[in-house]
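> Build the 3D model from these lines:
(one chain, ligands or ions: 1)
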Amino acid sequence: MTIQNNNDTLVTVFGGSGFLGRHLVRALAKRHYRIRVAVRRPDLAGHLQPLGRVGQIHAVQANVRHPGSVEAATRDADVVVNLVGILFERGRQRFDTVHAFGAEQVALAAAVHGARMVHVSAIGADEHSPAAYARAKAQGEQAVLAATPRAAIFRPSILFGPEDNFFNKFAAMARILPALPLIGGGAMRFQPVFVGDVAEAIARAVDGRANDGTIYELGGPEVRTFKQLMEYVLAVTERHRLLVPLPFPIARLQAMVLQWLPTPLLTPDQVELLKSDNVVSAEAEREGRTLRALGVEPAAMETIVPSYLWRFRKTGQFKTGRFA
Ligand SMILES: NC(=O)c1ccc[n+]([C@@H]2O[C@H](COP(=O)([O-])OP(=O)(O)OC[C@H]3O[C@@H](n4cnc5c(N)ncnc54)[C@H](OP(=O)(O)O)[C@@H]3O)[C@@H](O)[C@H]2O)c1
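Reported below is the predicted structural model:
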């Protein structure tokens, strides 16, 4: 890759301290951008500093629910990226305040300061979805395009990578439980995508290589059912566990209890989300709104997932099993 000189370009990244954020900050730092990471707790964003040169990455305080802080974090920025998202609601962190109102505030601030806007949503964003998560994501997309019509929007399928919240979660459950649940029978389809590929796609949009006002759908090279993904987790972690089909109404009842854990294992809203496939649409493929259209060849999960799930094997890294 040619080294770019972006020393004079300031990129503000909202949500830059999260899972995807860390990979994006690294991709932007390699391209020599100046990076302002807007987070609720800048004191907890120290892990980002080693990703760039001294002084290249700067953390500021911002909460997308507070327009004044969003405006301040956006000042002088050339490009604004919004990665802020939540998986469950707590206190004032509601889907509509974070995914819809918050996304709108970021886009309005970008418009005021004449910055280019890149926004991250999710596959399944749909104003008619039974899941509040997906409805709020759709409202956020509409608000972003209304405020910044040239914005590039990215909808990833489920992300995988060393700190992911999917493979790690089920591998951890398989370590302690005798069985894994197949919610709704486990027939819904996913297209897991490597977090580094999504970060690269966003970085290309920051470079100005994405089409204006376009919603991209990002998926990996393989489509797998939930059941196949659970079988894969068990194979990689070398665990023998039952896979027990759990009808949606029973999963919903369980979720009504599990949602009150400090970090919920499952919420009723997530059960609603699991009723639909989470894959790149045929329209997005046809219209070239995909990773490959951006020049990113998606990595297969088989090449990456075993490199971090080994720690859930009984013998850790010391056994050279099928997936070592
Ligand atoms: N992970 C996936 O599989 C997946 C799939 C599809 C789409 N996405 C989308 O991709 C984006 C990034 O996901 P991720 O997995 O990286 O999530 P993550 O690790 O939970 O990171 C979310 C980020 O948002 C920040 N945040 C939350 N509430 C905020 C608020 N009110 N104001 C400012 N910042 C706030 C968090 O920082 P603090 O909480 O520390 O302030 C964190 O930096 C999200 O929009 C998500 O919906 C993710």
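> How many neighbouring residues does K275 have?
14 (other C-beta atoms under 10 Å). Backbone N, C-alpha and C define where each C-beta goes, glycine included.
> Show me where the chain dips below the pLDDT cut-off.
Applying pLDDT under 70 to the chain picks out residues 1-4, 319-324.
> Show me the residue of it that gets nearest to the ligand, please.
Residue of the chain nearest the ligand, by C-beta to the nearest ligand atom: G18 (2.0 Å).
> Could you double-check that that residue lies in contact with I86?
No - under the criterion of C-beta atoms under 8 Å, G18 makes no contact with I86, lying 10.1 Å away.
> quick revisit: ok, the residue of the chain closest to the ligand - contacts?
Taking C-beta atoms under 8 Å, 6 or more residues apart in numbering as the definition of contact, the neighbours of G18 are L83, G85.
> go on, the one 5 residues further on?
For H23, the set of contacting residues under the criterion of C-beta under 8 Å, 6+ apart consists of G161, V195, G196, V198, A199.
> need the next SSE after the helix ranked longest in the chain, C-terminal direction.
In the chain, with assignment by DSSP state H, the single longest helix is helix 132-147. Scanning forward in sequence from helix 132-147, with DSSP states H and E defining helices and strands, the next element found is strand 152-156.
> who's in contact with that next one?
Counting by C-beta under 8 Å, 6+ apart, the neighbours of strand 152-156 from elsewhere in the structure are 20, 117-125, 141, 144-145, 193, 198, 201-202, 205, 210-219.
> With stretch 131-150 instead?
Contacts for stretch 131-150 (C-beta under 8 Å, 6+ apart): 82, 85, 87, 89, 95-96, 98-100, 102-104, 106-108, 110-111, 116-117, 119, 121-122, 124-129, 151, 153, 212-213, 215, 269-270, 272-273.
> and what of stretch 66-75?
By C-beta under 8 Å, 6+ apart, the residues outside stretch 66-75 that reach it are 12, 14, 36, 38, 60-64, 80, 102, 105-106, 108-110, 112-113, 115.
> and if we set it to 7 Å?
Where contact means C-beta atoms under 7 Å, 6 or more residues apart in numbering, the residues beyond stretch 66-75 that reach it are 12, 36, 38, 60-64, 80, 105-106, 109-110, 113, 115.
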